[in-house]
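# quick one: sequence plus predicted model below, questions after.
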Amino acid sequence: MSQIAFPTPEPGILARRDSILAGLAALLPKGSLITQAEECRAFETDALTAYRRAPLAVALPTSTQEVARILKYCRDAGVYVVPRGAGTSLSGGAIPQEDAVVIGLSKMSRILEINLPDRYARVEAGVTNLAISEAVMAEGFFYAPDPSSQLACTIGGNIGMNSGGAHCLKYGVTTNNILGLTLATIEGEIIELGGAHLDSGGLDWLGLMVGSEGQLGIVTEATVRLLRSAEGARPVLFGFDSAEAAGQCVAAIIGAGLIPVAMEYMDRLAIEICEGFAHAGYPLDVEAMQIIEVEGSEAEMEAQLAKITAIAKSHGVKVVRESMSAMESALIWKGRKSAFGATGRIADYICMDGTVPTSRLPEALRRTGEIVASYGLRVANVFHAGDGNMHPLVLYNVNDEAEQAKAEAAGNELLKLCVDLGGCLTGEHGVGIEKRDLMPHQFNPQDLAQQMRVRAVFDPDWRLNPAKVFPLEGRVPG
Amino acid sequence: MRQGEVATLNPASEAEAAQLVLEARAKGQKLDIAGGGSRAGLGRPPRGDARLSTAGMSGIVFYEPAEMVICAETGTALAEVEALIAQRGQMLPFEPMDHRRLYGGAGEPTIGGLVAGNISGPRRISAGAARDALIGLRLVNGRGEIVKSGGRVMKNVTGLDLVKLNCGAHGTLGLVTQATFKLLPKPECEASLVIRRLEDKRAIEALSIALGSPFGISGAAHIGAGMGREFPRTFVRVEGFRSSVDYRIAALLALLAPFGAKHALEDSESERLWRDIGDAAFLATPTDLAIWRVSVAPSKGADFIEKVGAHARAHFYDWGGGLVWLSSEASPGAAAVIRAALAPLGGHATLIRAPDELRANIDVFEPLSAPLMRIVKGVKAAFDPDGVFNSGRMYPGV
């Protein structure tokens, strides 16, 4: 049995299914409403595959106006709504429920405007993260946040979860890279927030919307910042005999005033898994590996790498491998970026996403190993060391219910550990259903009630993505 | 000033502040939050029954140089924080503006004021605004409850981001009692390339080319004739390690040679210049003019000034043209011209300096659409149902 509870479907909604579907069909172009059970199956889950629920129907609108009309219809008809980008959420943020209509943004995937002199792109929310960078790559620009799923995940989903990526140490996460949004509210209103400019005065709606997990409305379009790529980028790979030494090396690099673009960490099991898949030439005889990337001109990169390597040597680095070519760099990153997929080839896993203060990383790693071992399971650690965002992958067998329960229990303990060390439950994947019931560990009832009161301003009846983020008990209505 | 007329409450702790808020709410009293008073001219004028001073809530809560994170109480002087972190070669990334040069020099900037106003400066274009560096806070809401949001780690998407919502809320949602910022290493040195005698549009074109280059620009401004020299000047700043700064300045001189780029300012001269730009010091006098801060797509900055026409008495551009500072007559008529000029271009104009009477009677912030105003009122009620805090500071009746 799965442990995370879903609300009991409302019989009143299920009983009205036919009339609801007819109402939706009238608002959408032909071929934009999926009602057949087999076709709905593709929308039953996301990347948290242990959980699945069949939706009432799936609407695939083609415009902001259609999204707004469907939302208003669902509000008036008293139906729940689950927004969906590409369905790559690791926290179950896009998993539907039986009495909800999924509003999928896959048909809204156009890039509407690219403005390089003003360094922004206006896109529909269903465009993939990578498509934005690819559209401006030839001119030397990129969109900075780069989650591992960037080939598939949508900018709308990124906004919902405030996605990060390996390079956000220097360039920030989604919330630092959004200039404007078009929001369709549950009332069916269309609201423009921000624009092509920085920092509107007034309340920070963009800050509130990014990371709100589809609970305040549906973002249909976004204006994102484009940045000019550095002249060059080069990773160096360090191997250490102990996790402690690797952790201290990270702190020393930052302490020296150096901000690499990325500082990634992998432990022995993660190295083995990724090397087996990507053949990136990772060292197999070390306990911990770091990928540190610097940017700039040839001379700037050399100067930075010389400083970083000197620090690593003073912390007993065992293997130093500087990339000598673009192909080698790509290979080094391929190994890291395929960590989740490669792990999925050898076992089922749940991927945790807690963050700890960087000074507590060595302790967090040690306790992670102990906790997972106490459940008789294995863990592979691969994470963003520069900002303390850990991704322990707890390996288990999804077909073994007892083992799944153990994996989830271990995962919950790991997340509580992150909070107890001064960090938080989720750095970049979002709360979703996965961490919903842990929220009271990080927030007290007053903190949560304050968040819920703000939420209720936008969605007083809790129609939007209702099973997520906040514990099912004790919700504050509008 | 009305400040002398109303009582001042001086809580010594967050818990005391929460108690005072409870009492004020029970009595139906309205409180105006007062920090160091250096930015008291922001927003609409205070109209509360009493002042709630943050002076008693001062001090560093923790500073972790290796994590580049600092947490301070709301009434802590910004200068104290900056001096402390400078000892470890660190800085607040967003280069906060000092409003005293526009407001006549009174007061002491505090941490709470930075948060309330989302106060940023020239480096915003590369390092983000105050709201981007602010990673956690605690506040007392209008129900007298202590609420926390965010934390002390840089990556955190746990729950709704009430941190950013309160950054720039001008104290209308609650009394922020503690704020946690992420920091950056202070660059080893800086230099600024200078181009002389460009027209506004041509200058913004040059800045756009610089900002679209791979050379890590951390300042991009254009100031007019009479602002330090008799001719207009365009500046592009780079910061970092010496060899890297030298390399990038040389590369930028080559890139911007068609615009007449020939030389660069170094270290202290460059620092002084960006201080003046960040503080809008060029507009400080005459003191009877209104001052506006306008955020717009960079390439539209000059169009906006053109549309404002003679109503713009003086102006300059930061953020590559995307931040227009201008002075105008302090009148509803001039304000209407400025708002009308901006409307078709898209952007946001904030009245930064004007007499109380004018700020009480016209929009200080960009006017809101009806649906958005409904949401503003709802969010205000979600934090502060009886309007205890800073009533009317941003919008009438909110």
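Nice, I can see it. Keep in mind the model is a prediction, meaning the values are calculated, not measured.
# CA only for contacts and neighbour counts going forward, please
Noted.
# who are the contact partners of the closest residue to residue B:388 other than its chain neighbours?
Setting aside the residues directly before and after it, residue B:388 is nearest to residue B:30 in space (C-alpha to C-alpha, 6 or more residues apart in numbering or on different chains), at 4.6 Å. When contacts are counted by C-alpha atoms under 8 Å, 6 or more residues apart in numbering or on different chains, residue B:30 touches B:24, B:48-50, B:387-391.
# and residue B:30, how far is that from chain A?
Applying C-alpha to the nearest C-alpha, to the nearest Å, one obtains 21 Å for the distance of residue B:30 from chain A.
# pLDDT value on that residue, please?
The model reports residue B:30 with a pLDDT of 97.
# could the contacts of residue B:30 be laid out in a markdown table, adding pLDDT and neighbour count?
As requested, these are arranged in a markdown table below (pLDDT from 0 to 100; neighbours: other C-alpha atoms under 10 Å in any protein chain shown):
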| residue | pLDDT | neighbour count |
| --- | --- | --- |
| B:24 | 98 | 21 |
| B:48 | 95 | 21 |
| B:49 | 96 | 17 |
| B:50 | 97 | 20 |
| B:387 | 97 | 23 |
| B:388 | 98 | 27 |
| B:389 | 98 | 31 |
| B:390 | 97 | 28 |
| B:391 | 94 | 25 |
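# excluding its backbone neighbours, what's nearest the residue nearest to the spatial centre of chain B?
For chain B, residue B:119 is the residue whose C-alpha lies nearest the centre (C-alpha atoms, centre = their mean; 2.4 Å). For residue B:119, the nearest residue in space outside its immediate sequence neighbours is residue B:96; the separation is 5.3 Å by C-alpha to C-alpha, 6+ apart.
# report how many residues lie close to the one you found.
Residue B:96 is flanked by 22 other residues according to other C-alpha atoms under 10 Å in any protein chain shown.
# likewise for residue B:322?
Residues near residue B:322, counting by other C-alpha under 10 Å: 26.
# quick one: contacts for it?
Contacts for residue B:322 were tallied using C-alpha under 8 Å, 6+ apart; they are A:197-198, B:294-301.
# cool, residue A:378 as well?
A:372, A:394-396.
# got it, and residue A:372?
A:378-379, A:394, A:410 are the contacts of residue A:372 under C-alpha under 8 Å, 6+ apart.
# which of those residues lies closest to chain B?
When the contacts of residue A:372 are compared for distance to chain B (C-alpha to the nearest C-alpha), residue A:410 wins out at 19.4 Å.
# burial count for residue A:22?
Burial of residue A:22, expressed as a neighbour count using other C-alpha under 10 Å, amounts to 11.
# same check, this time on residue B:42
The number of residues packed around residue B:42, counting by other C-alpha under 10 Å, is 22.
# find the nearest non-adjacent residue to the residue in the stretch 101-250 of chain B that chain A sits nearest to, please.
Residue of the stretch 101-250 of chain B nearest chain A, by C-alpha to the nearest C-alpha: residue B:156 (4.2 Å). With C-alpha to C-alpha, 6+ apart as the measure, residue A:427 is the residue that lies nearest to residue B:156, at 4.2 Å, once sequence neighbours are left out.
# the one you found reaches residue B:151, doesn't it?
No. In this structure residue A:427 lies outside contact range of residue B:151 using C-alpha atoms under 8 Å: 11.1 Å.
# now do the phi/psi pair for the residue of the stretch 51-200 of chain A found nearest chain B.
Of all residues in the stretch 51-200 of chain A, the one sitting closest to chain B is residue A:197 (4.6 Å; C-alpha to the nearest C-alpha). Here is the backbone geometry of residue A:197 (degrees, to the nearest 10): phi -110, psi 170.
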